[in-house]
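Enquirer: sequence? don't have it. structure:
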């Protein structure tokens, strides 16, 4: 039994760490929601400020759009090429459009956009807030009775959530475009037919469920980044550690949440 | 003797089992500049953080006269109100790097008052003029020198006309001239605004320039408290060593008795 003691303790410590992280992010999100009304609507000073929100949206979303487009265009094109031999064998080459739209709208559009955004927004939010902790800016905020949750976390969570949905829409459409280009030029599928199959009615629901996921992903990315950023200790090195941890943990968390959502959607028949 | 602005009563604080402050008693008097001296790790910064409510005491009370309340028993809204009546200058100035100097100083006014924007602009200019930074209002903190950052931090700290000003190592990392300028600023603000000031430092020159009264903290306990002259003339070996910066004395003896031989040669087990 003594042999097993160490690994069991290690697993226990790991599990405690996971619970602490999940609980911490949960509390942070609850606090953020509590400041939402004040942050959005109260009198001039106490608001988080539309300028602030706008700046965050630009930094989170706009800059990541070119990369999201590039990545998803390639994925769309690759998918079309990969599945064409099998579809040809069954004489269903036209179904390329349907398969790409389902996979893009439901899964790849939101997920790949979220992973790109983790690198763009998540890492920079964690590094920025971490640096503010190290340089005593956050402590100075508290000392001036300015709530860092309302001032720092709220605008970032709102901006990332909104922009994640927008970026996912762009990503979805770019992925479809990637498939379209290959279908047209290599597989010889009629463009009108491709587009008709892409935007047929069942796909609208796919599109919507994909965007719900995208919104949740956005909240997750920003909440984790803010949580790990606010928890920085030990100077510049701590900021580096927090940034790396943010990227790694967010990608893992994204996939776990994605799995949960997909399972739920599956059972609800959405 | 003036009344006490803050009464710290048998306050203790430990971090992960290590006692940092041990049953501290301290009165900060109305309108005075009190300097809290101590070496690194003596607990002086912790004491400051307890007095501004950024840390919670383990035991003891801190009575705030102008709030009429015990800081340790304050509710969240009370604490917010108390914090609005304080100014704190952090070590590096702690300016918000994404905002200009002007916006930094304007922030507390925009956050906590309903003043119209043109009034805020006037107040900010007055505060910046007080610290001699009016021409630099539109600069970003990254464009400022260390001394200017501290002055800007000071302008932000006095934006809401605080009743008590706290300074954490105001002269750390500054050249002697800039350091003297900051000291002069602390003295001027104390006289012009009649605020109570609490300064945490280990720079003796600066301490003697600004202090009305001094206390020396060592290993979480007060060794001595009194007028600057009393500290200078003290015969207590520890006080003498600290105040005069001597290389021989109880502080260095303590470091030497840290078991160097044992560390080098082992315990012989």
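Expert: Everything's here; your move. For clarity, every value in this text was computed on a predicted model and none was experimentally measured.
Enquirer: in the stretch 1-150 of chain B, which spans are strands?
Expert: Listed in chain order, the strands found in the stretch 1-150 of chain B under DSSP state E, counting those that start in this stretch are B:4-15, B:18-29, B:33-38, B:59-64, B:69-70, B:86-89.
Enquirer: ok, now which ones touch residue A:115?
Expert: A:251, A:254 (C-beta atoms under 8 Å, 6 or more residues apart in numbering or on different chains). For the C-beta atoms, the positions are set from N, CA and C on the backbone; glycine is no exception.
Enquirer: What separation do you get for it and residue A:221?
Expert: Noted for residue A:115: a distance of 9 Å to residue A:221, by C-beta to C-beta, to the nearest Å.
Enquirer: joint contacts of the two?
Expert: By C-beta under 8 Å, 6+ apart, the residues touching both residue A:115 and residue A:221 are residue A:254.
Enquirer: Roughly how far does the nearest residue to residue B:248 once chain neighbours are set aside sit from chain A?
Expert: Nearest in space to residue B:248, with sequence neighbours left out and distances taken as C-beta to C-beta, 6 or more residues apart in numbering or on different chains, is residue B:241 at 7.4 Å. To chain A, residue B:241 is 30 Å away according to C-beta to the nearest C-beta, to the nearest Å.
Enquirer: what angle do whatever helix or strand residue B:241 lives in and strand B:33-38 make?
Expert: Following DSSP states H and E, one finds residue B:241 within helix B:237-244. Helix B:237-244 and strand B:33-38 are oriented at 110 degrees to each other (axes from the mean of the first three to the mean of the last three C-alpha atoms, to 10 degrees).
Enquirer: Which neighbouring elements make contact with the next helix or strand after helix B:237-244?
Expert: Counting by DSSP H and E, the element after helix B:237-244 in chain order, helix or strand, is helix B:250-256. With contacts taken as 3 or more C-beta pairs under 8 Å, 6 or more residues apart in numbering or on different chains; DSSP states H and E, helix B:250-256 sits against helix B:237-244.
Enquirer: Close to chain A: what parts of the stretch 101-250 of chain B are there?
Expert: Residues of the stretch 101-250 of chain B found near chain A, taking C-beta under 8 Å from any C-beta of the partner chain as the criterion, are B:107-114, B:153, B:156.
Enquirer: The strand or helix carrying residue A:27: how far from the chain's middle?
Expert: Secondary structure assignment for residue A:27, by DSSP H and E: helix A:2-41. Relative to its parent chain, helix A:2-41 has a centroid offset of 19 Å by C-alpha atoms, centre = their mean, to the nearest Å.
Enquirer: Equivalent analysis for stretch A:127-142, please.
Expert: Mean-position distance between stretch A:127-142 and its chain equals 24 Å (C-alpha atoms, centre = their mean).
Enquirer: mean confidence for that stretch?
Expert: Stretch A:127-142 shows a mean pLDDT of 92.
Enquirer: Cross-check the contact I'm expecting between residue B:72 and residue B:63.
Expert: No - Residue B:72 lies out of contact with residue B:63 (C-beta atoms under 8 Å); the separation is 9.1 Å.
Enquirer: ranges for the helices of chain B?
Expert: Along chain B, the segments classed as helices by DSSP state H run B:44-51, B:76-84, B:101-112, B:117-130, B:146-157, B:176-193, B:204-210, B:228-232, B:237-244, B:250-256, B:260-265.
Enquirer: if we can go back for a sec, tabulate the strands of the stretch 1-150 of chain B (JSON lines), appending mean neighbour count.
Expert: Converted to JSON lines, the strands of the stretch 1-150 of chain B look like this (neighbours: other C-beta atoms under 10 Å in any protein chain shown):
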{"stretch": "strand B:4-15", "mean neighbour count": "18"}
{"stretch": "strand B:18-29", "mean neighbour count": "18"}
{"stretch": "strand B:33-38", "mean neighbour count": "25"}
{"stretch": "strand B:59-64", "mean neighbour count": "18"}
{"stretch": "strand B:69-70", "mean neighbour count": "16"}
{"stretch": "strand B:86-89", "mean neighbour count": "27"}
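Enquirer: how about the helix holding residue A:27: buried residues?
Expert: Neighbour-count burial for helix A:2-41 flags A:21, A:24-25, A:28-29, A:32, A:35, A:39 (criterion: 16 or more other C-beta atoms under 10 Å in any protein chain shown).
Enquirer: quick one: low-confidence ranges for the stretch 151-270 of chain A?
Expert: Across the stretch 151-270 of chain A, the ranges flagged by pLDDT under 70 are A:201-203.
Enquirer: residue ranges with poor pLDDT in chain B?
Expert: B:1, B:256-262, B:267-269.
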